[in-house]
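*Asks:* I'd like to go over a predicted model; first the sequence, then the structure.
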Amino acid sequence: MNKVYGFTNEYVAAYPDVYNFDNADVLSVIGGGDQYFTAMLAGAKNVTVFDINGNAWYHFVLKFMAIRYLSYEEFCKFFIEDNLNNIKIYLKIREYLPLDVRKFFDKFRILNLKFSSMKIKAGLLDSLTFEEYQRILPYLNEESFYILKDILNNCELPRCLIDDFIHLALGDERNKSYDIMLLSNIYFWINSTPSDFKWLLDRFNPCVIQALYAWNYYDELRDFERLGFVTTAIPCVRETMDITSNYVLTYKKEK
């Protein structure tokens, strides 16, 4: 089974301070879905999502419908406290899931598997406290959760592309007009160099690109900066004696 991230381990609550999502068309990696929810909460008009892992889409749809139909308390219990392993709460969402997604999760019950078995064990991410989740994920503020609920109740599930980033950069998707692209840490997964990655980004129409998220400042970021990327310090997910900031690398492809 291709496992998924339950939540991001990035401080995405800082993104609305770095990028202007107001009425924006966005292309975003799915991951744990939190870039999408952050962008929508910050005023994005439309967010197209993509991921090479099809199971990330199933998990995203589950979270999307959970925000739509669960209370704040039920959502936090299902996704954080119970780590998805709560059939009673799942059944409150089940009837709203598209058929393919419902079949995917129903198979866990048939095989007597825990829903949490689909999630990646991810070090720092699994050790976060609820308060830390609230800091990094804007929709885990209760008031913001209900604002997001209203937004999702007035839109359809987003367009989804199950593909890898290189194919997107070299295929038809590069000709689409986006205002912002959120790429998380795709750079680390495609075995690239800063110059080769910039070449891929240049295949897309002009836009603002969140090109890389870094938990500390390291030498390779200077290579990106020499190529015209901009590094912005943001609050860190968890402070240590050595790390007091995380960093977002931005590339603005001009018209």
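*Replies:* Yes, it's here.
*Asks:* contacts and neighbour counts: CA atoms only from here.
*Replies:* Noted.
*Asks:* and the residue nearest to Lys198 when sequence neighbours are not counted, how many neighbours?
*Replies:* Leaving out its chain neighbours, the residue that sits closest to Lys198 by CA to CA, 6 or more residues apart in numbering is Leu227, at 7.9 Å. Leu227 has 13 neighbouring residues, counting by other CA atoms under 10 Å.
*Asks:* Now do the helices in the protein.
*Replies:* Counting by DSSP state H, the chain has helices at residues 15-18, 34-41, 54-69, 72-76, 87-94, 99-110, 124-127, 130-136, 142-152, 165-170, 186-189, 194-201, 219-226.
*Asks:* Could you export the fourth one as CSV, CA atoms only?
*Replies:* What it means is helix 72-76. Extracted C-alpha coordinates of helix 72-76, given in CSV (Å, rounded to 0.1, in the frame of the first residue of the first chain):
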residue,chain,number,x,y,z
TYR,A,72,-14.8,20.7,15.0
GLU,A,73,-14.6,18.3,18.0
GLU,A,74,-15.4,15.3,15.9
PHE,A,75,-12.8,16.2,13.3
CYS,A,76,-10.1,16.6,15.9
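*Asks:* Give me the buried positions along it.
*Replies:* 72, 74-76 (16 or more other CA atoms under 10 Å).
*Asks:* Residue most distant from the centroid, this structure?
*Replies:* The centre of the chain is farthest from one residue, Ile110, which by CA atoms, centre = their mean lies 29.1 Å away.
*Asks:* need the contact list for that one.
*Replies:* By CA atoms under 8 Å, 6 or more residues apart in numbering, no residues touch Ile110.
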